[in-house]
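**Student:** I need the structure of the sequence given here:
(one chain, ligands or ions: 1)
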Amino acid sequence: MSPRSATIPHGDAMPDLVALFGEAFPRGKGDVFMARAPGRVNLIGEHTDYNDGFVLPVAIDREVRVLGQRRPDDRVVVYSANFRRRVSFELDALGRSERQTWINYPQGVADALQRAGHHLPGMNLLLWGNIPPGGGMSSSAAVEIACMLVCEQLAGLRLEPREEALLAQRAENLFVGVQSGIMDQFISRLGRQGHALLIDCRSLEYEPVALELPGIVLGVVHSGVPRGLAGSAYNERRAECAAGVRLLRQYLPDIRALRDVRPEDFARLADLLPEPLRRRCRHVVTENARVGLAAAALRAGDIERLGVLFAASQDSMRDDYAVSRPEIDALVEIARAHGSLASRMTGGGFGGCTVNLVPEAAWEGFTRGVAADYPARTRRKPVIFRCRVVDGASLEQVA
Ligand code: GLA
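**Tutor:** Numbering: from 1, shown residues only. From the prediction side, this is the model:
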């Protein structure tokens, strides 16, 4: 394998989606709108969002596009430009599909909007994206957010961006069946170009933190490890955190979530928790503290400190939260050996991607080194993305 074949600098180019829409729906009538929603990379703060904690993600230049037009009936017809498949559903008979799982995202969004009391018209929808699915870059949140913006426009609704993120999360929780937190939908909707967002996942207040790291490239490496049982293991971790809170409340009656447990209190009480709850809770409490420290390091442009915090986060995900994998641990080690100054797994885990901060001058060597050493150690092929940090979702009329 040539080293270059592993690198995708700006990704699979977008086809002419307006033309494709016309071919997919030749008899469609009326205005056509197109929404764009980006994928994300979380710099730090993993598995903290559903513990009411803090996260520090960025929106990246890998995206989903959804084009939509009203129909005169109550049907939603969805064409996937990636799978070249067409599926339809009735708005008053939504049902989760076990075979065509991609259709659960637009169905879930329609379901969340209808449950919130909104009336939706029938729609022709076309979906396209270049975020690797199942890779930990939040392709599903991007589909949900892009569908949300199109549905809203076609239904004549105007929702507040945080409300949109919450409804998209509900689609994932209720319809897709993963009890995920708010991070992915939030950053896909509200991300800001050139900035990470420091999000308080309890209050949903957030603060943009400029990515002022001159000469540093944001590199994402896909491990090639499919995230397999990620959904069920994710829900299990979430339940373990809730169990930890119930036990800790005997000693700290005021806590509502692990976010409320200070690291010094946890250190004092840790021995009272059984394993594996002790390690699970320790990850969340320490990771949550690392997010604030990382935001401060980012503001100060202190890349060395970021490297230390990323390393602590990776160790904690491997040893305490048990969501890493040997391939990911190897990928982090190899990345560091080839010039990445900060490297850790990003996203839910059990496979997926690592996030890396790599000096521009070391980038070539980094891509070459990772492309050579990672397959030699794991027999898996990495895919390397050089990412730009972009704005959150937007919508325009295209026909
Ligand atoms: C997935 C979920 C997020 C978050 C991360 C872990 O991406 O969708 O809500 O919990 O895992 O940080």
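**Student:** quick one, strands of the stretch 251-399 of the chain?
**Tutor:** Using DSSP state E, counting those that start in this stretch, the strands found in the stretch 251-399 of the chain span residues 342-346, 353-359, 383-387, 394-397.
**Student:** identify whichever of those lies nearest to Y105.
**Tutor:** Nearest to Y105 among the strands of the stretch 251-399 of the chain is strand 394-397 (17.2 Å), distances taken as CB to CB. Backbone N, C-alpha and C define where each C-beta goes, glycine included.
**Student:** other SSEs contacting the closest one?
**Tutor:** The contact analysis (3 or more CB pairs under 8 Å, 6 or more residues apart in numbering; DSSP states H and E) places strand 394-397 against strand 33-42, helix 139-155.
**Student:** try it again with 6 Å
**Tutor:** Strand 394-397 is packed against strand 33-42, with contacts defined by 3 or more CB pairs under 6 Å, 6 or more residues apart in numbering; DSSP states H and E.
**Student:** by how many degrees do the strand it packs on and strand 383-387 diverge?
**Tutor:** With axes from the mean of the first three to the mean of the last three CA atoms, to 10 degrees as the basis, strand 33-42 and strand 383-387 are set at 110 degrees to each other.
**Student:** tell me the mean pLDDT for strand 33-42?
**Tutor:** The pLDDT scores in strand 33-42 average 98.
**Student:** that strand pairs with which strands?
**Tutor:** Strand 33-42 has the following strand partners under DSSP bridges: strand 57-71 (antiparallel), strand 394-397 (antiparallel).
**Student:** is it true that D73 touches G122?
**Tutor:** Yes - with contact defined as CB atoms under 6 Å, D73 counts as touching G122 (4.6 Å).
**Student:** settle it for me: which of those two has more neighbours?
**Tutor:** Between D73 and G122, counted using other CB atoms under 10 Å, the more crowded position is G122 (17 against 10).
**Student:** contacting residues around that one?
**Tutor:** Residues near G122 by CB atoms under 6 Å, 6 or more residues apart in numbering: 71, 73-75.
**Student:** the same query, at a cut-off of 10 Å, please.
**Tutor:** By CB atoms under 10 Å, 6 or more residues apart in numbering, G122 lies in contact with 69-77, 88, 90-91, 154.
**Student:** neighbour-wise, which of these leads?
**Tutor:** V76 (26 neighbours).
**Student:** SS state for that one?
**Tutor:** Three-state call for V76 (DSSP: H, G, I helix; E, B strand; the rest coil): strand.
**Student:** in this structure it contacts D111, no?
**Tutor:** No - using CB atoms under 10 Å, V76 is not in contact with D111; the gap is 11.1 Å.
**Student:** anything in contact with each of these two?
**Tutor:** Counting by CB under 10 Å, 6+ apart, the shared contacts of V76 and D111 are 91, 94, 120.
**Student:** could you find the closest non-adjacent residue to the last one?
**Tutor:** Nearest-residue entry for L120: A155, 5.1 Å, with adjacent residues in sequence omitted and distances by CB to CB, 6 or more residues apart in numbering.
**Student:** how far away is the residue nearest to the spatial centre of the chain from the ligand?
**Tutor:** The chain has S138 as the residue nearest its centroid, 3.2 Å off, counting by CA atoms, centre = their mean. In this view, S138 and the ligand are 6 Å apart by CB to the nearest ligand atom, to the nearest Å.
**Student:** just F25 next, same as before
**Tutor:** F25 sits 31 Å away from the ligand, going by CB to the nearest ligand atom.
**Student:** likewise for G108?
**Tutor:** Separation of G108 from the ligand (CB to the nearest ligand atom) stands at 14 Å.
**Student:** what parts of the stretch 1-150 of the chain come near the ligand?
**Tutor:** Counting by CB under 6 Å from any ligand atom, the stretch 1-150 of the chain comes close to the ligand at 42, 46-47, 49-50.
**Student:** narrow these to those in strands?
**Tutor:** Counted as lying in strands by DSSP state E, out of these, are N42.
**Student:** nearest to M317 among the residues of the stretch 1-150 of the chain next to the ligand?
**Tutor:** Nearest to M317, judged by CB to CB, of those is E46 at 6.0 Å.
**Student:** I'd say the closest one and F350 touch.
**Tutor:** No - using CB under 10 Å, E46 makes no contact with F350, being 11.9 Å away.
**Student:** identify the contacts common to these two.
**Tutor:** Each of V323 lies in contact with both E46 and F350 under the rule CB under 10 Å, 6+ apart.
**Student:** out of these two, which sits in the more crowded spot?
**Tutor:** A direct count of neighbours by other CB under 10 Å for E46 and F350 places E46 higher, at 26 against 22.
**Student:** in the stretch 251-399 of the chain, what residue is nearest the ligand?
**Tutor:** In the stretch 251-399 of the chain, the residue that lies nearest the ligand is G348 (3.2 Å; CB to the nearest ligand atom).
**Student:** pLDDT value on that residue, please?
**Tutor:** 92.
**Student:** got the residues of the stretch 151-300 of the chain near the ligand?
**Tutor:** By CB under 6 Å from any ligand atom, the residues of the stretch 151-300 of the chain that approach the ligand are 180-181, 183-184.
**Student:** closest to T367 among the residues you listed?
**Tutor:** Checking those one by one against T367 (CB to CB), the nearest turns out to be D184, at 26.5 Å.
**Student:** ok, the closest one - contacts?
**Tutor:** Taking CB under 10 Å, 6+ apart as the test, what D184 contacts is 39-40, 42, 49, 55, 57, 136-142, 144-145, 165, 168-169, 172, 347-348.
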